[in-house]
Every structure is written in structure tokens, then in C-alpha cells.
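Undergrad: predicted structure and sequence below. I'll ask about it afterward.
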Amino acid sequence: IVADCVVNNYSEETAKFTGEKGILNQEEGQIEVTTSNINPGTTYTIIVTAAGVSTTEKYTAI
């Protein structure tokens, strides 16, 4: 599983999750993303890619 954190269209960080225990196909998993600094009006995008499929979530701080 690879997760990218994009802040205002600038790639901040890429995290790779590995381990012996994985998530089987068709099962749900959970990833928690935290940041130490959130600025109002900043858009945060989380892109998660697993098994070749990407999911994108966008959040704007208020």
C-alpha cells in the first residue's frame, strides 16, 4: 500500500506500508493520517494506492 500526502498541489510525503499481515482482497482497511500543522484554506489530498487501484480524498482546512 502506498499513500501520498499532497498539500496545495505539492507532494509533501509518500508513505509505504508493508508487513507480514496484509488485507485480503475485498476486505476493508483503515489508514490514519495526521499532520502537525494545519493552515486555514489549505487543501490536503490523500491518495492511497493498493493492488494497482488508487483512491483520492481531498480536504480543505477551515
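TA: Received it, and whenever you're ready, just let me know what you need.

Undergrad: residue 28 and residue 55, how far apart?
TA: As judged by Cβ to Cβ, to the nearest Å, residue 28 and residue 55 stand 12 Å apart. Every residue, glycine included, has its C-beta placed from N, CA and C.

Undergrad: comparing these two, which residue is more hemmed in?
TA: Between residue 28 and residue 55, residue 55 has the larger neighbour count (other Cβ atoms under 10 Å), namely 10 against 5.

Undergrad: mind listing what the more buried one touches?
TA: 47, 48, 49 (Cβ atoms under 8 Å, 6 or more residues apart in numbering).

Undergrad: and the strands in this structure?
TA: 2-7, 10-16, 43-50, 53-60 (DSSP state E).

Undergrad: with distance to residue 32 and neighbour count as extra columns, can I get the contacts of residue 55 in JSON lines?
TA: Putting these into JSON lines (distance: Cβ to Cβ, whole Å; neighbours: other Cβ atoms under 10 Å) gives the following:
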{"residue": "47", "distance to residue 32": "15", "neighbour count": "16"}
{"residue": "48", "distance to residue 32": "12", "neighbour count": "18"}
{"residue": "49", "distance to residue 32": "17", "neighbour count": "13"}
